[in-house]
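[1] I'd like to go over a predicted model; first the sequence, then the structure.
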Amino acid sequence: LNIPDLIRKKRDGEEHSRAELEGLILGYTRGEVPDYQISAWLMAVYLRGMTPQETADLTLVMADSGDQMDLAGLPRTVDKHSTGGVGDKTSLILTPMLAALGLTVAKMSGRGLAHTGGTIDKLESFPGWSPELPEDRFLAQASEIGLALVGQTKDLAPADGKLYALRDVTATVDCLPLIASSIMSKKLASGAHTVVLDVKVGAGAFMRTLEDGRGLARAMVDIGTRASRLVRAVLTDMDTPLGHMAGNSLEVQEALSTLRGEGPEDLTELCVALAVEALAAHGEDSAAAEARARATLTDGSALAKFRAFVEAQGGDASLVDHPERLDVAPGRLDVVAPASGFVERLDALAVGRAVLVLGGGRERKGEAIDHGVGVELLKKPGKAVEAGEPVLRLYHRDGRGLDAARALLEAGLSVTAAAPQPQPLILDRVN
Ligand code: URA
């Protein structure tokens, strides 16, 4: 394989074969092809793009570059992926809903980085809960409860890890076929038959416009189809955080009230919509699926699955019934409306960064975090406020990061005289 020839081919806008991509990507993963050649190739991909067939081939090559989870022994497996948001506690609610609906979730989740939170961090708000399970216990728990959730244990799609690090330093991250193949390589290697994608669009998201979001969703659904998996995507607004809470323990409390049927409307709506997509992928009629999905939040069945899941992974399940006992930082500070009118903008990125500087997130992998700090959105966009009325509440520990967090939130908040148009949460669906 002549690497300069392959770089030239992509530079001139030609299409790679699967064998060529294997040579490039697997050679790179094994350390045989150097960074500088792959850097040039990535830039050529960035400028020239990839065909749907090339994108699917690249994804399969990356998925095959390391271990793959074998979930074939489990019935009706489903995975969920969100492209990342602020206050996004959807997985905590959706996964026990799916288990209660008779689907199987055997899932690997991540930790938070920068302004986005991670499911594993949120679950570690339960003292004792562990994201580490040996594979046989992971599969047995998924079979018994319908839900097992661990941190990434296996060496899934190592080619993606290496390529992502190189993209990060060569200005080639925001490239649609590279993002789609990166996300889907990990989902394919994770083994679930069905994947439901929540593609976030807006200020706090990777994709800033609906058009870009649609393009990414279509590319990922197409990869799934070519790989014989069922993939469905929902495009959702991420201009403002989901629900009212951002920060680990605070989000767990909000997830628990949603599992009791008492959650915020936007969060409930999104979880039901994603559950409907998962059931529809398994052939259920959408209207019936919606009624079944909603029922899991009011009849206690999703909450029961969540309790069993926390307990099975060593967590203090009594907190599921006493969420007020979760550790929430005692310090409070309110950010108030600068004028009377309506909340116009409550920037998701600003809220995410505020949680980070309060100590609830990490700048670098491996850093410890404070699960108890966070931000509460007392008034979401569209709500009427009086000048001086609290709009946001900070939960801080001994004032750590407080001034910086307040400044971020004040800059991310605007109040307008005229009532703004309500923004729908679910912007589109792709399947
Ligand atoms: N998330 C990923 O996993 N990969 C990307 O390229 C972008 C977001």
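    In hand now; what should we look at?

[2] so what touches stretch 260-280?
    Applying Cβ atoms under 8 Å, 6 or more residues apart in numbering, the contact partners of stretch 260-280 are 78, 80, 89-90, 93-94, 97-98, 101, 103, 194, 196, 198, 232, 234, 236, 242-244, 254-255, 257-258, 286, 289-290, 292-294, 296-298, 300, 303, 425-426, 429, 431. For every residue, glycine as well, the C-beta is placed using N, CA and C.

[3] what of stretch 317-333?
    So stretch 317-333 is contacted by 125-127, 249-250, 252-253, 256-257, 303, 306-308, 310-311, 358, 370-374, 393-399, 402, 406 (Cβ under 8 Å, 6+ apart).

[4] next, the buried residues of it.
    317, 319, 320, 323, 326, 328, 329, 333 (16 or more other Cβ atoms under 10 Å).

[5] among those, which are in strands?
    Those of the buried residues of stretch 317-333 mapping onto strands are residue 333, per DSSP state E.

[6] restrict the buried residues of stretch 317-333 to those near the ligand?
    Contacts with the ligand are made by none of the buried residues of stretch 317-333, judged by Cβ under 6 Å from any ligand atom.

[7] which two in the buried residues of stretch 317-333 are spaced the farthest apart?
    317 and 333 (32.4 Å; Cβ to Cβ).

[8] strands - which of the contacts of stretch 317-333 land there?
    Filtering the contacts of stretch 317-333 for strands - DSSP E - leaves 374, 393, 394, 395, 396.

[9] for stretch 271-286, what is the distance to the chain centroid?
    Centre-to-centre, stretch 271-286 and its host chain are 18 Å apart (Cα atoms, centre = their mean, to the nearest Å).

[10] next: stretch 83-95.
    The answer for stretch 83-95 is 6 Å, by Cα atoms, centre = their mean.

[11] got it, and stretch 104-120?
    Distance, centroid of stretch 104-120 to centroid of chain: 7 Å (Cα atoms, centre = their mean).

[12] so for it, mean pLDDT?
    Throughout stretch 104-120, pLDDT has a mean value of 87.

[13] hmm, that stretch touching the ligand?
    No: using Cβ under 6 Å from any ligand atom, stretch 104-120 stays clear of the ligand, coming no nearer than 8.9 Å.

[14] between the two ends of that stretch, how far is it?
    19 Å (Cα to Cα, to the nearest Å).

[15] give the buried residues for it.
    104-113, 115-120.

[16] can you show me the strands along the stretch 201-350 of the chain?
    Along the stretch 201-350 of the chain, the stretches classed as strands by DSSP state E, counting those that start in this stretch are 230-237, 245-246, 331-336, 341-346.

[17] now those strands in JSON lines, with mean pLDDT?
    Shown next, in JSON lines, are the strands of the stretch 201-350 of the chain (pLDDT from 0 to 100):
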{"stretch": "strand 230-237", "mean pLDDT": "96"}
{"stretch": "strand 245-246", "mean pLDDT": "96"}
{"stretch": "strand 331-336", "mean pLDDT": "98"}
{"stretch": "strand 341-346", "mean pLDDT": "95"}
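
[18] where does the closest residue to the ligand within the stretch 301-431 of the chain land in three-state SS?
    Residue nearest to the ligand within the stretch 301-431 of the chain: residue 365 (14.0 Å; Cβ to the nearest ligand atom). Three-state call for residue 365 (DSSP: H, G, I helix; E, B strand; the rest coil): coil.

[19] list the contacts of the closest residue to residue 201 other than its chain neighbours.
    Counting by Cβ to Cβ, 6 or more residues apart in numbering, the nearest residue to residue 201 once its immediate chain neighbours are dropped is residue 213, at 3.9 Å. Residues near residue 213 by Cβ under 8 Å, 6+ apart: 199, 200, 201, 205, 207, 235, 427, 428.

[20] mind redoing it with 6 Å?
    Contacts for residue 213 (Cβ atoms under 6 Å, 6 or more residues apart in numbering) come out as 199, 201, 207, 235.

[21] which among the residues you listed are in contact with the ligand?
    By Cβ under 6 Å from any ligand atom, no member of those lies near the ligand.

[22] tell me the least confident of the residues you listed?
    Minimum confidence in the contacts of residue 213 sits at residue 207, scoring 87.

[23] just the strands in the stretch 1-150 of the chain please.
    Under DSSP E, counting those that start in this stretch, the stretch 1-150 of the chain gives strands at 78-82, 105-109, 147-151.

[24] got those as a markdown table, with distance to residue 20 columns?
    Putting the strands of the stretch 1-150 of the chain into a markdown table (distance: least, Cβ to Cβ, whole Å) gives the following:
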| stretch | distance to residue 20 |
| --- | --- |
| strand 78-82 | 28 |
| strand 105-109 | 30 |
| strand 147-151 | 34 |
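
[25] just the pLDDT for residue 30.
    Residue 30 carries a pLDDT value of 96.

[26] state the number of residues packed around it.
    Other residues within reach of residue 30, judged by other Cβ atoms under 10 Å, total 11.

[27] next up, phi/psi of it, please.
    phi -80, psi 0 (degrees, to the nearest 10).

[28] contacting residues around it?
    Residue 30 neighbours (Cβ under 6 Å, 6+ apart): none.

[29] same check, this time on residue 186
    For residue 186, the contacting residues are 156, 157, by Cβ under 6 Å, 6+ apart.

[30] try 10 Å
    59, 62, 63, 79, 81, 108, 110, 152, 156, 157, 160, 161 (Cβ atoms under 10 Å, 6 or more residues apart in numbering).

[31] mind checking the SS state of it?
    Assigned by three-state DSSP, the conformation of residue 186 is helix.

[32] can you give me the neighbour number for residue 408?
    Applying other Cβ under 10 Å, I find that residue 408 has 25 neighbouring residues.
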